[in-house]
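# please work out how this folds:
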Amino acid sequence: MSSSEILAEPLEAKQKAGWPFGLIAMLGVFAVCLAGIVVFFVAYRKQLPAQTSGTQNAVAPVERAIAEVAAKKNVWMIRGALTEACTCAVPCTCNFGDGPSPHSYCWPFYSYHIREGYYEDIKLDGLHFGSADLGGGRTMFIDERATEQQRAALRHIIARMIVRVPADEAEAKMKEMASQLRYTAVKQEYDERSNRLAVAGLGEFTADYIMGLDKSQPIVVRNNTTWRIHDSIKARTSVYNVKAGRDAVNTKNTNSNQGDFEYTDQTDFGGPARWNCGACANEKAHSGHGEQMCGR
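Coordinates of the predicted model:
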């Protein structure tokens, strides 16, 4: 046997043996790839709803909140403390659904301290606003530290809360009030024993809380009928001086209220209120319409 025949036989044998093996290997690789594609597609199809659901669960509330805020106009919230005094004796009988006493009128002077608040994207934290509701009408004020944007926002809130116009009339009212409001320094203080309000150019009062039987906690009236605050601490003034135009109050030993509030653009403030709690002249001027709510 020649050397070429000896070499050709193993080579031919290898070729005969190699073709089936290569073909099987190629088919095997193709099958594995195909199976991988199928498995990936099935897994993707199964995973897609879960991923979508998870994304919806995580993102939907945020998107929904953004959409709701964007869809609304004049969205706002304020929370803080009301500090108020009036010309009634302690306790102010208006707070219990009756008329004023001992006079035929109740002239309140009050301020809202916003501990936390916003009007859409305008922050209102730390600002004050309020009014002195005397015989000649309301003298409303806004914290002089407020920027122009904050003042506009507070005018809208005042229109809703104090003047108590409907939401769709607030914008027109706030424009009307712009020149009527006072922008001044407001100092509103309150602690565990007393409260005090001083509004530059308008007036001031100081009151001590009326302590209960144990002398450790003040007397609290819940859900009174004139101020929209849940718990009202009762206090007695030692100073109460207010002057607006020809109206002047200079008295003491009168009623004071102190309490926390939280309001939003969705709060129902009721219809327009008379600016005092029952003076006959005021009632006649309004033909008996409106509510006796001490400026609430």
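# buried residues in the strand ranked longest in the chain?
If you go by DSSP state E, the chain has its longest strand at strand 231-244. Residues 232-237, 240-242, 244 are the ones in strand 231-244 that count as buried (16 or more other C-beta atoms under 10 Å). Every residue, glycine included, has its C-beta placed from N, CA and C.
# where in the stretch 51-200 of the chain is pLDDT low?
51-73 (pLDDT under 70).
# residue boundaries of the helices in it?
According to DSSP state H, counting those that start in this stretch, the stretch 51-200 of the chain carries its helices in the segments 148-161, 167-177.
# mean neighbour count for those helices - can I get that in CSV?
Shown next, in CSV, are these (neighbours: other C-beta atoms under 10 Å):
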stretch, mean neighbour count
helix 148-161, 21
helix 167-177, 15
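# out of these, flag the one nearest residue 212.
Closest of the helices of the stretch 51-200 of the chain to residue 212 is helix 148-161, at 30.4 Å (criterion: C-beta to C-beta).
# what is that closest one packed up against?
Helix 148-161 sits against strand 76-85, strand 109-119, strand 122-123, strand 128-134, strand 137-143, helix 167-177, with contacts defined as 3 or more C-beta pairs under 8 Å, 6 or more residues apart in numbering; DSSP states H and E.
# what angle separates it from helix 167-177?
Computed with axes from the mean of the first three to the mean of the last three C-alpha atoms, to 10 degrees, the direction of helix 148-161 lies at 120 degrees from that of helix 167-177.
# what's helix 148-161 in contact with?
74, 76, 78, 112, 119-120, 122-124, 127, 129, 131, 140, 142-143, 146, 165, 167, 169-171, 173-174, 177-178, 181, 183, 263, 265, 267, 269 (C-beta atoms under 8 Å, 6 or more residues apart in numbering).
# can you say which of the helices of the stretch 51-200 of the chain is nearest to residue 207?
Of all these, it is helix 148-161 that lies closest to residue 207, at 22.2 Å by C-beta to C-beta.
# do a quick rundown of the strands in the stretch 151-296 of the chain.
Taking DSSP state E, counting those that start in this stretch, the strands of the stretch 151-296 of the chain run over residues 182-184, 186-190, 194-199, 203-209, 220-222, 231-244, 247-251, 255-264, 273-274, 291-292.
# you'd agree residue 109 is up against residue 132?
Yes: contact criterion C-beta atoms under 8 Å: residue 109 and residue 132 qualify, at 4.5 Å.
# higher neighbour count, these two?
Between residue 109 and residue 132, counted using other C-beta atoms under 10 Å, the more crowded position is residue 109 (29 against 26).
# in contact with that one, which residues?
Counting by C-beta under 8 Å, 6+ apart, residue 109 touches 84-86, 130-133, 197, 202-203, 205, 240, 242, 249.
# sorry, back to before: so what sits against both of residue 109 and residue 132?
Common contacts of residue 109 and residue 132 (C-beta under 8 Å, 6+ apart): 202-203, 242.
# quick revisit: just say which of the helices and strands packed on helix 148-161 is most tucked in.
strand 128-134 (a mean of 26; mean count of other C-beta atoms under 10 Å).
# same for it, what does it pack against?
Of the remaining helices and strands, those touching strand 128-134 by 3+ C-beta pairs under 8 Å, 6+ apart are strand 109-119, strand 137-143, helix 148-161, strand 186-190, strand 194-199, strand 231-244.
# okay, these in JSON lines with distance to residue 223 next?
JSON lines is the format used below for the helices and strands packed on strand 128-134 (distance: least, C-beta to C-beta, whole Å):
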{"stretch": "strand 109-119", "distance to residue 223": "18"}
{"stretch": "strand 137-143", "distance to residue 223": "25"}
{"stretch": "helix 148-161", "distance to residue 223": "18"}
{"stretch": "strand 186-190", "distance to residue 223": "20"}
{"stretch": "strand 194-199", "distance to residue 223": "20"}
{"stretch": "strand 231-244", "distance to residue 223": "8"}
